[in-house]
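K.L.:
Any chance you could fold what I've pasted below:
(4 chains)
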2 protein chains.
Amino acid sequence: MAKEKRRSDCPINFALEIFGDRWTLLVVRDMMFKGKHYYSEFLKSEEGIATNILAQRLLTLEESGLVVKKNDPQHGSKFIYKLTKKGIDLVPVLADMIGWSAKYDPLSAADQEFIRYLNTDREGLIKTTSDLLLKKIDE
Amino acid sequence: MAKEKRRSDCPINFALEIFGDRWTLLVVRDMMFKGKHYYSEFLKSEEGIATNILAQRLLTLEESGLVVKKNDPQHGSKFIYKLTKKGIDLVPVLADMIGWSAKYDPLSAADQEFIRYLNTDREGLIKTTSDLLLKKIDE
DNA sequence: CTGTATCCTTAGGGATACTG
DNA sequence: CAGTATCCCTAAGGATACAG
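P.N.:
Below is the predicted model:
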């Protein structure tokens, strides 16, 4: 967890060093498309992330500035995790990944409405999704 | 390397199981944006991939159908690696990753012309890049 | 509920030597 | 040149227990 020297200044490498692993983007997905905000909600996702891994990824997501952790006024002792603008700006990347998988994965469980929206009005989809998330930042 | 059971049918998970690691997309990047086609060219990239890792990733990329390996008629004993349509269809994902990193990485070495093209005419950029790569398939 | 801590196993990966 | 094969070490990750 100590800060490692980056391997290069290539933008693809920069992105990979933040979310180039098999768990980080699943947590982002949960916040981005499934409206999840709580630790216990992430834990319940079907891929079955381990509690120590989840805690670790939430921490690095926070350190990278993609996520903020706040005390949740509503639920008292609970914490709430939200995407920042920097995190929300990954909507296009995730959306395109979904589109690609929907095209090539025979078993894809992608939401068909989402895919049609993506294919007919990508800009609109991204704006709608992003605006919804941006509004949540200040709640 | 044995086929593992997938963790879920989520499209994001599908994508991550193919290229959700710290090396695969760097190899794809080399083919997609740097015009690299040979093993030795990938080895030379500045991130310094190890030879065993490179061989392994090229194999899984082939198995996933993103890359094809052919004997290179020009160079005799050499092999040439090319992106397939399935691989080329990742251009939007990589392009958006580059755009995101260029925005948030202070040290980003992203090509400025590329970024301006991306921000002013994303569709055009994707089409130009993809068409170029598609033409190579049958060479 | 939200994590830490621990233990243990496996996968990832660097270095290097070697083969067709 | 294009890999394989080793060796060895570290990081990733699963299971489970426990603490604030």
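
K.L.:
Check which residues of stretch A:106-120 are buried.
P.N.:
Within stretch A:106-120, the residues scored as buried using 16 or more other Cβ atoms under 10 Å in any protein chain shown are A:Ser108, A:Ala110, A:Phe114, A:Ile115, A:Tyr117, A:Leu118. C-beta here means a position set from N, CA and C on the backbone, and glycine is covered the same way.

K.L.:
and that stretch, average pLDDT?
P.N.:
Per-residue pLDDT over stretch A:106-120 has a mean of 95.

K.L.:
center of chain A - which residue?
P.N.:
Residue closest to the average C-alpha location in chain A (Cα atoms, centre = their mean): A:Val28, at 1.5 Å.

K.L.:
hmm, back to that, quick one: mark the members of the buried residues of stretch A:106-120 that sit in helices.
P.N.:
A:Phe114, A:Ile115, A:Tyr117, A:Leu118 (DSSP state H).

K.L.:
is it true that the last one touches A:Met97?
P.N.:
No: counting by Cβ atoms under 8 Å, A:Leu118 does not reach A:Met97; the two are 10.8 Å apart.

K.L.:
In chain A, which residue sits nearest DNA strand C?
P.N.:
Taking Cβ to the nearest atom of the strand, DNA strand C has its nearest neighbour within chain A at A:Ser40, 3.1 Å off.

K.L.:
would that residue count as being in a helix?
P.N.:
Yes: counting by DSSP: H, G, I helix; E, B strand; the rest coil, A:Ser40 falls inside a helix.

K.L.:
So for it, what pLDDT did the model give?
P.N.:
Predicted confidence (pLDDT) for A:Ser40: 93.

K.L.:
how much space between it and chain B?
P.N.:
Distance, A:Ser40 to chain B, by Cβ to the nearest Cβ, to the nearest Å: 18 Å.

K.L.:
Can you report how many residues lie near that residue?
P.N.:
9 (other Cβ atoms under 10 Å in any protein chain shown).

K.L.:
Then the one 3 residues further on?
P.N.:
Number of residues near A:Leu43 (other Cβ under 10 Å) recorded here: 14.

K.L.:
Relative to DNA strand D, how far out is it?
P.N.:
Distance of A:Leu43 to DNA strand D, computed by Cβ to the nearest atom of the strand, to the nearest Å: 10 Å.

K.L.:
I'd assumed A:Ala55 was in contact with that residue.
P.N.:
No: contact between A:Leu43 and A:Ala55 fails when scored by Cβ under 8 Å: they sit 9.9 Å apart.

K.L.:
Report the contact partners of the residue nearest to the centre of chain A.
P.N.:
Residues in contact with A:Val28 (Cβ atoms under 8 Å, 6 or more residues apart in numbering or on different chains) are A:Phe19, A:Leu61, A:Leu66, A:Leu83, A:Gly87, A:Leu90, A:Leu94.

K.L.:
So A:Lys86 sits against A:Val67, correct?
P.N.:
No: using Cβ under 8 Å, A:Lys86 is not in contact with A:Val67, being 9.0 Å away.

K.L.:
Compare the two and say which is more crowded by neighbours.
P.N.:
Higher neighbour count among A:Lys86 and A:Val67: A:Val67, with 21 against 15, using other Cβ under 10 Å.

K.L.:
so what's the more buried one closest to, chain neighbours aside?
P.N.:
Excluding its sequence neighbours, the residue lying closest to A:Val67 (Cβ to Cβ, 6 or more residues apart in numbering or on different chains) is A:Leu61, at 4.1 Å.

K.L.:
for the helix or strand harbouring that neighbour, what is the average pLDDT?
P.N.:
Taking DSSP states H and E as the definition, A:Leu61 sits inside helix A:51-63. Taken as a whole, helix A:51-63 has a mean pLDDT of 94.

K.L.:
If we go by neighbour counts, what in it is buried?
P.N.:
A:Leu54, A:Arg57, A:Leu58, A:Leu61.

K.L.:
Other residues contacting that helix?
P.N.:
Contacting residues not belonging to helix A:51-63 are listed as A:1, A:18, A:23-24, A:27-28, A:39, A:42-43, A:49, A:67-69, A:81, A:87 [Cβ under 8 Å, 6+ apart].
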